[in-house]
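[1] After the sequence you'll find the predicted model.
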Amino acid sequence: MKTVLVTGGTDGIGKGMVLSYLAKGYHVFAVGTSENKGNALIEEAEKLGSGKVTFLKANLSLVEENRRVAKIVSEQVETLDALVLCAASLKAQPSYIETKEEIEFTFALYYLSRYILCYELKEMLEKAENPIIINVAAPGMKGPVYWDDLQMKENYDGQKAQFHGSRLNDLLGVWFCEKDLSKKIKYILFNPMAARTSGAKKMAGESGFMKVMMNFYYKFMGKDVDEIVDIINSDIEKTVKTGLSAYKLDQQVDLSMDTFELSNAEKLNRYTENLLN
Ligand SMILES: NC(=O)c1ccc[n+]([C@@H]2O[C@H](COP(=O)([O-])OP(=O)(O)OC[C@H]3O[C@@H](n4cnc5c(N)ncnc54)[C@H](OP(=O)(O)O)[C@@H]3O)[C@@H](O)[C@H]2O)c1
């Protein structure tokens, strides 16, 4: 039985991916913070009647929780066929918030969690026949990296922190593949653009102009989770080479964009290693 770990597997795109893997008969570890959503997922899996789901309740904004999840998975199975990274809190934080480990929240959940899981689970992935990492973020979008203030402690802006987190994930993908000597793992950065999820609704805020605009955009330009999942699965089929690829929906993103600059990827990796040590 193939095994997959999906972070943010209890809602939105992550949940869609979980259900698609269950339909194929896989064993899926789904991570989220809400016990209610976890139980609802288990019930849905039972109705589906194929595959097996293991819900792991964990707050992935904490380094220690990411390590705990990686440990649980490695104790239960030997091989990991896919790692799907979807955990995020799309609602922009109104002000700078630190986790109890003194790391900025969006940086911790959106970027650092993904970094830890990619590296902690790499060996297990390499044992699979065709391993894959799918990092669902927003590749293909331009913008700076705030090198002097990577966690935006000085000049915090909740929305900018989300966009910034995505660019950090672009660089994570670049460096992970650069250093992946086994050259066995396909690493796909995927941008769903506008997916009609509960997270996206929270992103629009409670009221005001932004909410009206976002509702309009998502209504006419957005896609349902099922459509997004089909596109991700067809992108995976299209990707024949191992190493890094990036997609905005079904359109390949040019990896020569500045946001994938190798020297920046190395610089970010150095910063992250220091932080974790
Ligand atoms: N939706 C879009 O239009 C859009 C556009 C561009 C990029 N994206 C990217 O696509 C990915 C998925 O987005 P989505 O719209 O599917 O999100 P979503 O519907 O809000 O789902 C987020 C998932 O992450 C989990 N999660 C949140 N905080 C967590 C934490 N601290 N620890 C562990 N799990 C946590 C949630 O579970 P709990 O509620 O149980 O914690 C839920 O399962 C994100 O990376 C997002 O940046 C989405």
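    Looks like it arrived, so ask away. Please read these numbers as outputs of a predicted model, since none were measured by experiment.
[2] C-alpha only now, for contacts and for neighbours.
    Noted.
[3] can you give me the helices for this protein?
    With DSSP state H as the criterion, the chain has helices at 12-23, 35-48, 63-76, 105-106, 113-120, 122-126, 158-178, 198-203, 209-221, 225-238, 262-276.
[4] residue contacts, residue 61?
    Contacts for residue 61 (Cα atoms under 8 Å, 6 or more residues apart in numbering) come out as 99, 105-106, 108-110, 112-113.
[5] need the residues of this protein near the ligand, please.
    8-14, 31-34, 37, 58-61, 86-90, 136-138, 191-200 (Cα under 6 Å from any ligand atom).
[6] and the one residue in the stretch 151-277 of the chain that gets nearest to the ligand, how many neighbours does it have?
    Residue nearest to the ligand within the stretch 151-277 of the chain: residue 199 (3.0 Å; Cα to the nearest ligand atom). Applying other Cα atoms under 10 Å, we find 16 residues neighbouring residue 199.
[7] just the one 10 residues further on next, same as before
    Applying other Cα under 10 Å, we find 10 residues neighbouring residue 209.
[8] Could you do residue 230 as well?
    Using other Cα under 10 Å, residue 230 has 16 other residues around it.
[9] How confident is the prediction for it, by pLDDT?
    We have a pLDDT of 98 for residue 230.
[10] Give me the contact list for stretch 34-50.
    Under Cα under 8 Å, 6+ apart, the answer for stretch 34-50 is 10-11, 15, 19, 22-26, 30, 32, 51-57.
[11] List only buried entries from those.
    Among these, those classed as buried by 16 or more other Cα atoms under 10 Å are 10-11, 15, 19, 22, 25-26, 30, 32, 51-57.
[12] so where's the stretch 101-250 of the chain uncertain?
    For the stretch 101-250 of the chain, the stretches with pLDDT under 70 are 205.
[13] contacting residues around residue 201?
    Counted by Cα under 8 Å, 6+ apart, residue 201 has contacts residue 215.
[14] again, only this time at 10 Å
    90-91, 195, 211, 214-215, 218 (Cα atoms under 10 Å, 6 or more residues apart in numbering).
[15] And for residue 81?
    1-5, 26-27, 124-133, 185.
[16] Equivalent analysis for residue 78, please.
    Contacts of residue 78 by Cα under 10 Å, 6+ apart are 3, 123-125, 127-128.
[17] Relative to residue 225, which of the contacts of residue 61 is nearest.
    Closest approach to residue 225 among those (Cα to Cα): residue 110, at 19.7 Å.
[18] Let me know whether that closest one touches residue 63 as I believe.
    No - contact criterion Cα atoms under 10 Å: residue 110 and residue 63 do not qualify, at 11.9 Å.
[19] Look at the two and report which has more neighbours.
    Shown here are residue 110 and residue 63; by other Cα under 10 Å, residue 110 has more neighbours (26 against 19).
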